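Visitor: sequence first, predicted coordinates after that:
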Amino acid sequence: MARCKAPIPEEALLDYWARDVAGGDETERVEEHLFACSDCSARLHHLAALGAGLATLVRQGRVSGIVSRAIINRLQRDGVHVRMFSLWPGETVPCAVFPGDDLVVTALRADFSGVDAVTLSVTGPGDSPIAQFEDVPVPGPGGEVLWVTPAAVVHEMPSMRLELTLASAGATRAELGRYVLEHWR
Ligand SMILES: [Zn+2]
């Protein structure tokens, strides 16, 4: 079997699998690729064969990064305990995890008018970089960017202030929002 040279990222594969109603450019792109690529098809089958699937992946701490609302909905339906924090630009929100939490979701709202993709930067004390996500597609003007972290990871974090910045991707890099999570344990 030929190794895939441009594998579909695991998040995109999960996203595709989690969607109840297929449709849209992204779905078409994934389907076209899967049709032609036995490597990625096998990965998709493997994901689906996990049974509880996503919920299992979450509990293994394998789901992190930027995910879609379809995935969050699917997870909640499968009994995953999601702790969600929603922030508007300029907001400071206290955040913590509690026993029984599986996943921490930070929902970043902003005015995404005229923006196709964004960069999310997360920094800790003294501007230390914690995470950076490039070219994250946004789902329309009123959409939100959902950043997911396994609860076990957040649980290990010391109390600290996290600053999140959303900027439009590409040359302009206009700042769309700045958010603060006051993490405590
Ligand atoms: Zn492939």
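Guide: Yep, it's here. All values derive from a computational prediction rather than experimental measurement.
Visitor: count the residues that sit near the closest residue to Pro137 other than its chain neighbours.
Guide: Distances taken as CB to CB, 6 or more residues apart in numbering place Ala117 nearest to Pro137, at 5.2 Å, with adjacent residues excluded. Placement of C-beta: from N, CA and C, glycine included. Using other CB atoms under 10 Å, Ala117 has 13 other residues around it.
Visitor: show the contacting residues for Val180.
Guide: Contact analysis of Val180 by CB atoms under 8 Å, 6 or more residues apart in numbering lists 91-93, 161-164.
Visitor: still on that earlier bit, any idea how far Arg173 is from the residue nearest to Pro137?
Guide: Remark: distance between Ala117 and Arg173 (CB to CB, to the nearest Å) = 11 Å.
Visitor: same check on Gly142?
Guide: Taking CB to CB, one finds Gly142 at 22 Å from Arg173.
Visitor: Ala12 - that's part of a helix, no?
Guide: Yes - counting by DSSP: H, G, I helix; E, B strand; the rest coil, Ala12 is located in a helix.
Visitor: ok, and the closest non-adjacent residue to it?
Guide: Nearest to Ala12 is Val30, by CB to CB, 6+ apart, at 6.3 Å.
Visitor: and this structure, which of its residues are near the ion?
Guide: Residues of the chain lying near the ion by CB under 5 Å from the ion: 4, 7, 37, 39-40.
Visitor: rebuild the residues you listed as a markdown table, extending it with secondary structure and neighbour count.
Guide: Output for these, formatted as a markdown table (DSSP: H, G, I helix; E, B strand; the rest coil; neighbours: other CB atoms under 10 Å):
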| residue | secondary structure | neighbour count |
| --- | --- | --- |
| Cys4 | coil | 16 |
| Pro7 | coil | 14 |
| Cys37 | coil | 20 |
| Asp39 | helix | 15 |
| Cys40 | helix | 19 |
